[in-house]
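Undergrad: Below is the sequence, then the predicted model.
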Amino acid sequence: MRTTIITFLTLVAFASSAAVAGMLEIGTVQLRATAPGMGMTGGYVAITNNGESDERLVAVSAGFAKRVELHEMIHDNGVMKMRERDGGIEIPAGETVMLKPGGLHIMFMGLGQTMVPGEMREITLEFASGHKATVPAMVLKPADIKSDGHGHGHSDENSASHKHKHSHD
């Protein structure tokens, strides 16, 4: 019971947190929980550029993954395909970019352990400007992932319950 209360309080504390890297505001990072033996998972977050110049997310690193890539989902002849995003992800000045299920997202590969709901991890986001932000990331059940990237959003057709075919190029 005590562990449950501590986990809940930790999640509440991080649910409203935002990190800042230069003029960028980084919302709560959400990681998809995995079943034992799964080697990869997705990460989602909203990044707001409060500056006057465009910025670009160019890399992400995490001690729990051997490799991390920035990905996008595209429709190709009625099939949803996931592919690495060359050149990173642009964060236009004055805008918020959502990394969410079914769209732009972070792919963590070569996981050495199961991602258990309620756990907290840490990732580092790196931007073209040279800014870096090391931020906490909450591991959540797929049904609890919020598609607005803030951890308190609305569900949509790209939520974890949306079903479609996937192809990995």
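TA: Thanks, I have the structure now.
Undergrad: residues contacting the closest residue to residue 92 other than its chain neighbours?
TA: Spatially, and ignoring its direct neighbours in sequence, residue 92 is nearest to residue 54 (5.2 Å; Cβ to Cβ, 6 or more residues apart in numbering). C-beta: built from backbone N, CA, C; applies to glycine. Counting by Cβ atoms under 8 Å, 6 or more residues apart in numbering, residue 54 makes contact with 90-93.
Undergrad: if you look at these, which of them are in helices?
TA: Of these, none are assigned to helices by DSSP state H.
Undergrad: SS state for residue 143?
TA: helix (DSSP: H, G, I helix; E, B strand; the rest coil).
Undergrad: So for it, what's the pLDDT?
TA: With respect to pLDDT, residue 143 scores 94.
Undergrad: Residue 71 too?
TA: 95.
Undergrad: which residue sits closest to it, ignoring its sequence neighbours?
TA: Per Cβ to Cβ, 6+ apart, closest to residue 71 is residue 107, 4.6 Å.
Undergrad: And residue 120, by the same measure?
TA: Closest to residue 120 by Cβ to Cβ, 6+ apart is residue 136, at 5.4 Å.
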